[in-house]
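Colleague: curious how this folds, go ahead:
(one chain, ligands or ions: 2)
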Amino acid sequence: GAPITLDRLVKTYPNSTTAVDQLSLDIAGGDVTVLIGPSGCGKSTVLRMINRLIEPTGGRVLVDGEDVTSVDPVRLRRTIGYVIQNVGLFPHQTVRANVGTVPRMLGWDKKTIAARTDELLDLVGLEPGRYSARYPHELSGGQRQRVGFARALAADPVVLLMDEPFSAVDPINRGRLQDEFLRLRQSVRKTTILVTHDLQEAIKLGDKIAVLSDHAHLEQYATPAELLAG
Ligand code: ADP
Ligand code: ADP
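Modeller: Ligands and ions are numbered 1, 2, ... in the order given. Okay, the predicted model is just below:
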């Protein structure tokens, strides 16, 4: 997996809110790093600077040593998979079309996309014959989240960014989805940054946990075992 370096990242929004103030973090390739901290401390802002949904005011993001600002947008979409709370599936597109979003952008041929879509739906536990023609509103919340994972993984990204991926799901399904995420990781080891405000989830899923306070100040950066011991 590719390492990620956040180098003195700063984001000040146009309304003068400094959401992220000089955050530096070295993330090892293949690790799941959890960003945890109170609501409004800047976690989402950090993720959105990594995939360039927003531009930093200062500092740099390096993915595998390369500054993301020098990567062209299409390749960046391929390099970085992104999963958000409530998934953000396109409501007027089928499951198959949603999962194929990035491959279509990349100009893959239809057969390859169809085969890849089926493979991914199988991977996330949604039988393609049953689910690929459905629309998002015809799925349960947990199923939509699975489609979101499949879409994020479609073009085999190098990095996976997950912003509160389980928090919109009811507690029972949340546990199941977390277990599936751990199972998926056995076969798909990508450098992953996962945002949550749930300490149990952080401990369960993280290789490393970055504890943030307001303005994304780094309070601790430790393994779950170190955090529990300390
Ligand atoms: P978290 O993900 O930890 O809840 P965010 O990154 O969403 O935190 O927000 C960090 C801070 O930046 C908050 O004070 C929030 O109100 C502010 N913020 C987020 N997005 C914007 C925006 N588009 N414009 C102005 N302020 C914003
Ligand atoms: P889950 O346990 O995955 O969250 P639910 O209990 O919400 O699932 O849903 C159970 C079944 O009902 C699922 O197989 C799902 O496909 C189906 N289902 C849920 N919502 C809808 C809907 N709006 N339209 C059609 N089928 C639905």
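
Colleague: I'd guessed Ala216 sits against Met49; true?
Modeller: No. If you go by CB atoms under 8 Å, Ala216 and Met49 don't touch, sitting 10.1 Å apart. C-beta coordinates here come from the backbone N, C-alpha and C atoms, glycine included.

Colleague: overlap in contacts, these two.
Modeller: Leu9, Val20 (CB atoms under 8 Å, 6 or more residues apart in numbering).

Colleague: what residue in the chain comes nearest to ligand 2?
Modeller: Nearest residue of the chain to ligand 2: Ser140, at 2.9 Å (CB to the nearest ligand atom).

Colleague: return the residues in contact with that residue.
Modeller: With contact set as CB under 8 Å, 6+ apart, Ser140 has these partners: Asn173.

Colleague: does ligand 2 have contacts with the longest helix seen in the chain?
Modeller: Longest helix in the chain, counting residues (DSSP state H): helix 171-187. Yes. Judged by CB under 6 Å from any ligand atom, helix 171-187 comes into contact with ligand 2 through Asn173.

Colleague: and that helix, which residues are buried?
Modeller: Using 16 or more other CB atoms under 10 Å as the test for burial, helix 171-187 gives Arg174, Leu177, Gln178, Glu180, Phe181, Leu184, Arg185.

Colleague: which of these lies closest to Leu62?
Modeller: Arg185 (23.2 Å; CB to CB).

Colleague: might one say that the closest one is in contact with Gly1?
Modeller: No. If you go by CB under 8 Å, Arg185 and Gly1 don't touch, sitting 10.9 Å apart.
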